[in-house]
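Asks: need a 3D model of the following:
(2 chains)
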Amino acid sequence: MRTLAFADRNSKEILRDVLNLAFGLGFPVVLLLLLTAIQANVPVDLFRLDQLTPGMAMFGLSFISLFSGTLIAKDRSSSLMMRLFTSPMKARDFILGYTLPLLPMAIAQVGVCFGVACLLGLTPSWSILTTLLVLIPAALLFIAIGLLCGTIFNDKQVGSICGALLTNLSAWLSGTWFDLNLVGDTFKKVANLLPFSHAVNAGRAALAGNLPAAYPELVWVSAYAIALLAIAILVFTHKMDSDRV
Amino acid sequence: MNTIQTIQLSKRYGQKLALDNLNLEIAKGELFGLLGVNGAGKSTAIKILSCVSRPSQGDARVLGYSVTLQPFEVKRRINISPQETAIAPNLSVRENLEFIARIYGCGRQTAHDKTDTVLASSGLEAIEYEKARVLSGGWQRRLSIAMALISDPQVLFLDEPTLGLDVLARRELWMLIQKLKGEVTMILTTHYLEEAEALSDRIGILANGKLKAIGTVAEIKQRTHSPNLEEAFISLAGEREGQA
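Replies: Residues are numbered from 1 along each chain as shown, chains lettered A, B, ... in the order given. Alright, predicted model coming up:
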C-alpha cells in the first residue's frame, strides 16, 4: 500500500514535468528522424533503422537516470523527505516506490522509439517485442544509476552528471553514433568494459531475431544492473539510517 | 502516563553537543512550546522524537514506545509539519493529502473520505484541484499542516508552523491549533514568543542544547523576575556558547 502510494506520487511528479517528456521522448525521436534523413541521403550502415533504433532506444533510456536522480535529489533537499522519513515508510517502500514507476515509463519510451521507427520504415515484427524485453536490463541499469546519483548528489549535480555526462558517455560508448572499431583499441576496450555497447548489441541481435547472440551481451548488462542496484539500495538505506536527511 | 518522556537525551555532532541530557515529560493533549535561539537544539530534539535522528545517548518514549527500539510504532502514531513547507509540488492539494493518508496505511476510499474532511476543516476546499507548486506561501503552509493532520496523529510536531505567514493566516492557524489542544499532544517550536505564549500550556527554553527552564509562562516569568516572556527568554537563552 505505502509502496504503491509512493510510486503513484513519483509517477505523477515525473510525468507532469514537461521537460522530462520533452527530453525523454522528444530528443531520441528527433535524433532518430534526423539520422534517418541523413541515412536517406548518404547511406551509412550504422544508421539503418534496424541498427539505429536499438541504439536510440538505449540512448533514450539514459534520460530515465536523469528523471529518477533529479526527483530523488529534489526530494532529499526539500522538507518533504523529512516528512516522509517521519512516516511509517520503510527503506523498501522508498526504493520500490522510486523504481517501480520508472520501469513502465522505460518500456513505453522504448515502445515510442520503435513506433516512430516503424513509421519511418522499420518492418514491424515480433522481434520488436523481443527487443523491448531485451532492453529491460538496460532500463534497470539506468534506473539504478538514477537512484544512486539522486541519493548521493544534489539536483544540480544530478543534472550535470546524469543529464550531460551520462547521456553523452552512454551514447559515445554504445556504438550507436559510430562504429567502435573506427576509434581505436583503447576506446573500444573501455566501451566493451562498460555496459552500454552490450545493451545496444543485445538489442540489435534481438531485433535481427538472433537471440543466442544477445545472451552474452545481456550477461554484461544484467551484471552491471544488479551490481548498481545493490549499491544504490545500500547507499540509500545507509543515508536513511544516518542523520543526514 | 506521559505521552512524551525523554530520559537523559543527548545528541552530539562531532565536537558539538547539540542536545545535552534533556529530561522532559509532556502530558496527553498538552501543547508544549519549545523555545530557543537558532542552534539551541530545538530541531535536534524534534528530529530525535520523530525518529529521523538517533540520540547519541539516552532515549525517549513517545506514547510508551522507544524512539530507538520501536521507531516504526512511534512513526505510525505521530506526524510533523516541518520547518519549511513539505509538499509534493506537482500534485494537487487533494492528491497531496490522499498521498499522505495512504502512506499512513489508509485505503483509497478511506484516504478520499479523510481528505474531504481535512479539506473542509482547513479551508482548502476551494483550491483542492490546484497544483501545490502554484499556491502562495501561505496556502502551501496551510496545506503542509493539513498533510500533518490527515493521519489523525496522537502526537504532532509543529516546527515553526507560522514562519513567513501574514497576520491573518497566522491567526487562522492559531485557531486551528487551539482546536486540536486537549486531543492531540503537540510540540511547537517558534521564534514568535507571543505565539508560544498564546498557544502553549507549558514552555521549555533551550540554550546550547540544555533545558534552561520549564513551566507555564507565568512560572517562567516569576522565576526570572521578568515582566514578560521576552525578558524571561532573553535572560535564560541570551547566554551564547562560550559566554556561559
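Asks: quick check, residue B:34 in a strand?
Replies: Yes. Assessed by DSSP: H, G, I helix; E, B strand; the rest coil, residue B:34 belongs to a strand.
Asks: hmm, who's touching stretch B:53-60?
Replies: With C-beta atoms under 8 Å, 6 or more residues apart in numbering or on different chains as the test, stretch B:53-60 has contacts from A:243, A:245, B:4-12, B:19, B:21-22, B:44, B:47-49, B:66-69. The way it works is simple: take the backbone N, C-alpha and C, and place the C-beta from them, glycine included.
Asks: mind giving me the packing neighbours of the longest helix along chain A?
Replies: Counting by DSSP state H, the longest helix found in chain A is helix A:211-241. When contacts are defined as 3 or more C-beta pairs under 8 Å, 6 or more residues apart in numbering or on different chains; DSSP states H and E, helix A:211-241 packs onto helix A:91-99, helix A:126-134, helix A:136-152, helix A:196-207.
Asks: what's in contact with the helix or strand harbouring residue A:188?
Replies: Assigned by DSSP states H and E, residue A:188 belongs to helix A:185-193. With C-beta under 8 Å, 6+ apart as the contact definition, helix A:185-193 has outside contacts at A:173-175, A:180-181, A:197-198.
Asks: nearest to residue B:216 among these?
Replies: Proximity of those to residue B:216 was ranked by C-beta to C-beta; the top entry is residue A:173 with 68.4 Å.
Asks: excluding its backbone neighbours, what's nearest residue A:48?
Replies: Using C-beta to C-beta, 6 or more residues apart in numbering or on different chains and skipping residues adjacent in sequence, the residue nearest residue A:48 is residue A:39, 6.5 Å away.
Asks: how many other residues sit next to that neighbour?
Replies: Neighbour count of residue A:39, defined by other C-beta atoms under 10 Å in any protein chain shown: 19.
Asks: contacting residues for it?
Replies: A:47-49, A:52.
Asks: picking up where we left off before, write a ChimeraX command that selects only the buried members of the contacts of stretch B:53-60.
Replies: One line in ChimeraX is enough to select the buried ones among those; burial here means 16 or more other C-beta atoms under 10 Å in any protein chain shown:
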select /A:245 /B:4,5,6,7,9,10,11,19,22,44,47,48,49,67
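Asks: quick one: which of the contacts of stretch B:53-60 sit in helices?
Replies: Using DSSP H, these in helices are B:44, B:47-49.
Asks: what helix or strand does residue B:231 sit in?
Replies: Here residue B:231, judged by DSSP H and E, is contained in helix B:229-237.
Asks: repeat for residue B:205
Replies: Going by DSSP H and E, residue B:205 is part of strand B:202-207.
Asks: you'd agree residue B:123 is in a helix?
Replies: No. Using three-state DSSP, the secondary structure at residue B:123 is coil, not a helix.
Asks: least confident secondary structure element in chain A?
Replies: Every helix and strand of chain A was ranked by mean pLDDT, DSSP states H and E. The lowest is helix A:18-21, at a mean of 77.
Asks: dihedrals phi and psi, residue B:131?
Replies: Reported as degrees, to the nearest 10, the phi and psi values for residue B:131 are phi -70, psi 140.
Asks: wait, residue B:124
Replies: Per-residue torsions, residue B:124: phi -100, psi 0 (degrees, to the nearest 10).
Asks: for it, give me the pLDDT.
Replies: Listed pLDDT for residue B:124 reads 91.
Asks: again, but for residue A:100
Replies: Looking at residue A:100, the pLDDT reads 90.
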